[in-house]
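[1] This is the structure alone, sequence omitted:
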């Protein structure tokens, strides 16, 4: 023992400085606990599948492009997950689609995303052409199945957030993939139609209703479909969907 903890009494016997001894124990315990990380009580994968077609470069309600509006709405979603007491349970991936596909945010823990260096505008990552999503959905299906298999021994879920502002040219194939995913009770699909502010003037009611129904049919049953011009309303619904699936605030 150190001289600070043990000293000799007048009788020559050793005496323990209990105050110092207790203090050192507390410091040691605190240091150990600071290195201890509570393991995740569940694993939640959130996969964003974002339209990067030409129309997403058009002006939205804010005067910015719709792709820029989406970037500004996804950023606070990620920030909120990072600040959650369950932040170590969330993993995120992001894919952009048009006539090509790219996973522009590779699957990573939400805690490791640097918001100051991130660009969530899908139009920044692939060419802005027509609206094809089949290949992207095939890739995300593999990603989701791999993730759920990896964490099969604990409570794990996957939420696919699909956002498009137009007609999917490969809708039939896309619908088939989504239907297959929804057969797994650990997978939820939230679909969003990011409406164009000019649609009511340029599209007849029947065409617009069909477009909304198609996107809705890709989502899981319940309140997992949303159609709105305002990106802020879409953001609120995304947060609601994530909270519902993960069962945390």
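    All right, it came through fine. The structure displayed is predicted, hence computed values, not measured ones.
[2] got the contact list for the helix or strand where residue 190 lies?
    With secondary structure defined by DSSP states H and E, residue 190 is part of strand 187-194. Counting by C-beta atoms under 8 Å, 6 or more residues apart in numbering, the neighbours of strand 187-194 from elsewhere in the structure are 51, 56, 66, 70, 144, 148, 157-165, 178, 181-182, 211-212, 215-216, 218-220, 224-229, 231, 234, 237-238, 241, 245. Glycine gets a C-beta too; all of them are placed from N, C-alpha and C.
[3] Could you tell me which of the residues you listed count as buried?
    When burial is judged by neighbour count using 16 or more other C-beta atoms under 10 Å, the buried members of these are 51, 56, 66, 70, 144, 148, 157-165, 178, 181-182, 211, 215, 218-220, 224-227, 229, 231, 234, 237-238, 241, 245.
[4] Wait, residue 232 touches residue 74, no?
    No: the pair residue 232 and residue 74 fails to qualify as a contact (C-beta atoms under 8 Å) at a distance of 12.0 Å.
[5] Which of those two has more residues huddled nearby?
    For residue 232 versus residue 74, neighbours defined as other C-beta atoms under 10 Å are more numerous around residue 74 (26 against 14).
[6] taking the mean pLDDT, what do you get for stretch 46-66?
    If you average the pLDDT over stretch 46-66, you get 96.
[7] Quick check: buried residues in it?
    Neighbour counts using 16+ other C-beta under 10 Å place 46-53, 55-56, 60, 65-66 of stretch 46-66 among the buried residues.
[8] distance between the ends of that stretch?
    Its first and final residues considered, stretch 46-66 spans 21 Å by C-alpha to C-alpha, to the nearest Å.
[9] how is this structure carved up into domains?
    Recorded structural domains for the chain (assignment: automatic domain parsing) are 6-35, 43-246.
[10] Pick out the shakiest of these, pLDDT-wise.
    Ranked by mean pLDDT, these end with domain 6-35 at the bottom, a mean of 53.
[11] element containing the spatially most central residue of the chain, please.
    Within the chain, the residue whose C-alpha comes closest to the C-alpha centroid is residue 46; the distance, by C-alpha atoms, centre = their mean, is 3.6 Å. With the criterion set as DSSP H and E, the secondary-structure element containing residue 46 is strand 43-51.
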